[in-house]
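S.K.: quick one: sequence plus predicted model below, questions after.
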Amino acid sequence: MIKSRICDLLNIEYPIFQGGMAWVATGELAAAVSEAGGLGIIGSGNAPADWVKAEILKVKSRTSKPFGINVMLMSPFVEEVMQVILEERVPVITTGAGNPGKYVSVLKEAGTKIIPVVASVALAKRLEKAGVDALIAEGMESGGHVGETSTLPLVPQVVNAVTIPVIAAGGIFDGRGLLAALSLGAEGVQMGTRFMSAEECTIPLTVKEAILKAKDRDTVVTGRSTGHPVRCLNNHFTRELTELEKVGTPIAELEKLGAGRLRMAMVEGDVQNGSVMSGQVAGAVMRIEPAAAIVHDVIDGAEREFQKLKERFTV
Ligand code: TUI
């Protein structure tokens, strides 16, 4: 049975987090993952506080198990969203795209566990000192806003640098990925792209089909020149952006062009002109299935692969 410190810390059955993807991870998906024994996480992205509150109430009406909210620190509504999290006594928050240091003490007082996403050892060390409960070390294989380092080198370096539990993210989609992450010293995994194919995920079918159709080399990173690198499925929009970046288009113009593109994909279903944020594992996502089946596939797969490994290397 695969258990770790993170299961005890958060009172969850399996060390599997569902990434808090903006416009994708609604209360429906988060509730299904939590109910299955993982940690479901609502993605608040740039959403206003009243939307976040409605999603929290949705999760609470569907499951009594622990769940989380991801706070995107570049959001214009970050202060109001934090207020709702405190009022609703949300069990766990994860953060992305910044340093959540200044919120640690008030969240701790409210009893909310705080688990920032980091893409570097430096930020990991700083946040451990600030008193966070655990960390998610996310490699650049992941979808959306990415750092510079891949999961395989990042995770063990973060594990070596801190004593709090580390969750691995980026490039993980099955039991082999979970087993690999545990081998690197992580105490669990976070998966985003794999959960986009969950039945309970409310994104349009066109987006799920684009993920299912994708092959190993079908994601690209755009925005390196603007300082906000983002990994998405290669499409009409990313090709246009790449061309504009190549000819030195001003940052303000590129950002204007990017506004509203995530919504265009994840709500309107436009997989050519929208930003279909996705990890490199899109090529490995093969079917639409219930979130609980994904959780069990990853756990059962890791246990099976562990037995296989022992048999292969025992003389
Ligand atoms: O945050 C994510 N993934 C995201 S956020 C997002 S919404 C967005 N849309 C357009 C542009 C930018 C964001 C879509 N996907 N993952 C967690 C993550 N955090 N990855 C990398 C980081 C990160 C990067 C820099 C965390 C901290 C950081 O620096 C902070 C510091 O002070 O050093």
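M.R.: That came in fine, so what should we check first? Predicted model, so just to flag it, every value in this text is computed and none were measured. Numbers count the residues shown, from 1 in each chain.

S.K.: show me where the chain has its strands.
M.R.: For the chain, applying DSSP state E gives strands covering 16-18, 40-43, 67-72, 92-96, 113-118, 135-138, 144-145, 166-169, 188-191, 219-222, 230-233.

S.K.: redo those strands as TSV? Include distance to the ligand, mean pLDDT and mean neighbour count.
M.R.: Every C-beta, even on glycine, is put in place using the N, C-alpha and C of the backbone. Formatted as TSV, the strands of the chain follow (distance: least, Cβ to the nearest ligand atom, whole Å; pLDDT from 0 to 100; neighbours: other Cβ atoms under 10 Å):
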stretch	distance to the ligand	mean pLDDT	mean neighbour count
strand 16-18	12	98	31
strand 40-43	8	98	30
strand 67-72	5	98	28
strand 92-96	2	98	26
strand 113-118	4	98	26
strand 135-138	5	98	29
strand 144-145	2	96	22
strand 166-169	8	98	30
strand 188-191	10	98	30
strand 219-222	10	98	19
strand 230-233	5	98	24
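
S.K.: now tabulate the ones you listed in CSV and tack on distance to Pro290.
M.R.: Converted to CSV, the strands of the chain look like this (distance: least, Cβ to Cβ, whole Å):
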stretch, distance to Pro290
strand 16-18, 13
strand 40-43, 13
strand 67-72, 17
strand 92-96, 22
strand 113-118, 25
strand 135-138, 24
strand 144-145, 24
strand 166-169, 22
strand 188-191, 15
strand 219-222, 25
strand 230-233, 23
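
S.K.: those: which one's closest to Ile211?
M.R.: strand 230-233 (7.5 Å; Cβ to Cβ).

S.K.: other residues contacting the closest one?
M.R.: 140, 142-146, 210-211, 214, 218-223, 238, 271, 275-280, 282 (Cβ atoms under 8 Å, 6 or more residues apart in numbering).

S.K.: among those, the buried ones, what's the ChimeraX command?
M.R.: Command for ChimeraX that selects the buried part of these, burial taken from 16 or more other Cβ atoms under 10 Å:
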select :140,142,143,144,145,146,210,211,214,218,219,222,223,238,271,275,276,277,278,279,280,282
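
S.K.: check which helices and strands the lengthiest helix in the chain sits against.
M.R.: Longest helix in the chain, counting residues (DSSP state H): helix 291-312. Under the contact criterion of 3 or more Cβ pairs under 8 Å, 6 or more residues apart in numbering; DSSP states H and E, helix 291-312 touches strand 16-18, helix 27-35, helix 175-183, strand 188-191, helix 193-196.

S.K.: can I get it in CSV, CA atoms only?
M.R.: Output in CSV follows, covering the C-alpha atoms of helix 291-312 (Å, rounded to 0.1, in the frame of the first residue of the first chain):
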residue,chain,number,x,y,z
ALA,A,291,-11.3,10.6,-12.0
ALA,A,292,-11.5,7.6,-9.5
ALA,A,293,-10.3,5.3,-12.3
ILE,A,294,-7.3,7.5,-12.9
VAL,A,295,-6.4,7.6,-9.2
HIS,A,296,-6.7,3.8,-8.9
ASP,A,297,-4.8,3.2,-12.2
VAL,A,298,-1.8,5.3,-10.9
ILE,A,299,-1.8,3.6,-7.4
ASP,A,300,-2.3,0.0,-8.8
GLY,A,301,0.2,0.7,-11.5
ALA,A,302,2.9,1.9,-9.0
GLU,A,303,2.4,-1.2,-6.8
ARG,A,304,2.5,-3.5,-9.8
GLU,A,305,5.6,-1.8,-11.3
PHE,A,306,7.3,-2.0,-7.9
GLN,A,307,6.8,-5.8,-7.7
LYS,A,308,8.1,-6.1,-11.3
LEU,A,309,11.2,-4.1,-10.5
LYS,A,310,12.0,-6.2,-7.5
GLU,A,311,11.6,-9.4,-9.6
ARG,A,312,13.7,-8.0,-12.5
